[in-house]
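Chemist: Make a model of this:
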Amino acid sequence: MNYRELLKDKKKIVVKVGSSSLIHKETGRLNLRKLEVLVRELSDLHNQGKDVVLVTSGAVAVGSAALGLEEKPKELKVKQACSAVGQARLMMIYQKLFAEYNQMAAQILMTKNTMVNNLNRMHARNTFEELLAMNTIPVVNENDSISSYELEALDSFGDNDTLSAVIAALIGADLLILLSDIDGLFTDDPNTNPNARFIDTVETLDEKLKSMGKGPGSKVGTGGMATKLTAAEIATAAGADMVIANGKDFHVIHKIMHGRNYGTLFVGNQKEEFYLIDYIEKLL
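Modeler: Presented below is the predicted three-dimensional model:
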């Protein structure tokens, strides 16, 4: 079966972009040219009648640069303050760019408590469903200014990798695209092992593949391959396909949607009894 061809027919898509794909590494400031391409790609998907949700990182990095900090903050309260400044700036820019393409963007800030609590999780699902029914594009981030999960324990939501998979499962998405600074899944770290082989398609995510997760490979983001494999486990168990691809050029989004061979495709294989809360509790 040509799984790539089936991507053309996906109707509800979650796209996650990491900090390293949004920020100029030399200055820590937003790459506005890339942001424009990202917004145009998502707007075009929306114009095709698809539901689109964007999970975006970058609030702490943007806030740090705006406040004139010379290096990434280490103290929790400083990170949270930077997030408060950066999230406002980030959303202002997203709203402006989406408006240029006649799209309505909506902000959703989440914490792990949102997903663990049954009532909060139901309200979150209802909010997403209503926003999508209203033809908006939800823009999601973890609420770092009040939550310490991601800032203190980066293996929790892992720079939004896992959060994006949880959201995909929550709203019944049929495709999750993770864009970061890696090309996809390899048999080993290609930066240190020249014999590492690229893996194009994963039909079954077994323990051997899960063990390939390494530590973070980016100085800007916090999520490494381990968090992406956790995301793949959640998304595929919920029935969604997932693609890990390089976000150096956001035009890759429409190329993936056209069924072209970019990134690693994890094939959705919904479990008969899938309970999202069971996967969330594993991360606590």
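Chemist: Please count neighbours and contacts with C-alpha atoms only from this point.
Modeler: OK.
Chemist: Where does the prediction get shaky in the stretch 101-250 of the chain?
Modeler: Along the stretch 101-250 of the chain, the parts satisfying pLDDT under 70 run over 144-159, 212-223.
Chemist: What segments of it are strands?
Modeler: Per DSSP state E, counting those that start in this stretch, the stretch 101-250 of the chain carries strands over the ranges 105-110, 137-142, 175-180, 185-186, 198-199, 201-202, 241-246.
Chemist: Would you tell me which one of these is buried the most?
Modeler: The densest packing among those, expressed as mean neighbour count by mean count of other C-alpha atoms under 10 Å, is seen in strand 175-180 with a mean of 28.
Chemist: So what touches that strand?
Modeler: Taking C-alpha atoms under 8 Å, 6 or more residues apart in numbering as the criterion, the residues outside strand 175-180 that touch it are 7, 10, 12-21, 161, 164-165, 168, 228, 235, 240-248.
Chemist: who wins for proximity to S57 among the strands of the stretch 101-250 of the chain?
Modeler: When the strands of the stretch 101-250 of the chain are compared by C-alpha to C-alpha, strand 137-142 sits nearest S57, at 6.4 Å.
Chemist: Give the partner strands of the closest one in its sheet and their orientations.
Modeler: For strand 137-142, the pairing partners within the sheet under DSSP bridges are strand 51-56 (parallel), strand 105-110 (parallel).
Chemist: Make a markdown table out of these and add distance to I199.
Modeler: Converted to a markdown table, the strands paired with strand 137-142 look like this (distance: least, C-alpha to C-alpha, whole Å):
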| stretch | distance to I199 |
| --- | --- |
| strand 51-56 | 25 |
| strand 105-110 | 32 |
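Chemist: Of these, which is nearest G224?
Modeler: Comparing the strands paired with strand 137-142 against G224 with C-alpha to C-alpha, the closest turns out to be strand 51-56 (15.8 Å).
Chemist: how far off strand 175-180 does that closest one point, in degrees?
Modeler: Using axes from the mean of the first three to the mean of the last three C-alpha atoms, to 10 degrees, one finds that strand 51-56 and strand 175-180 are set 30 degrees apart in direction.
Chemist: Remind me what the helix or strand just after strand 51-56 packs against, helices and strands.
Modeler: The C-terminal neighbour of strand 51-56 among helices and strands, as given by DSSP states H and E, is helix 59-66. Taking 3 or more C-alpha pairs under 8 Å, 6 or more residues apart in numbering; DSSP states H and E as the contact definition, the neighbouring helices and strands of helix 59-66 are helix 76-100.
Chemist: for the helix it packs on, packing partners?
Modeler: Counting by 3+ C-alpha pairs under 8 Å, 6+ apart, the elements that helix 76-100 packs against turn out to be helix 32-47, helix 59-66, strand 105-110, helix 149-152.
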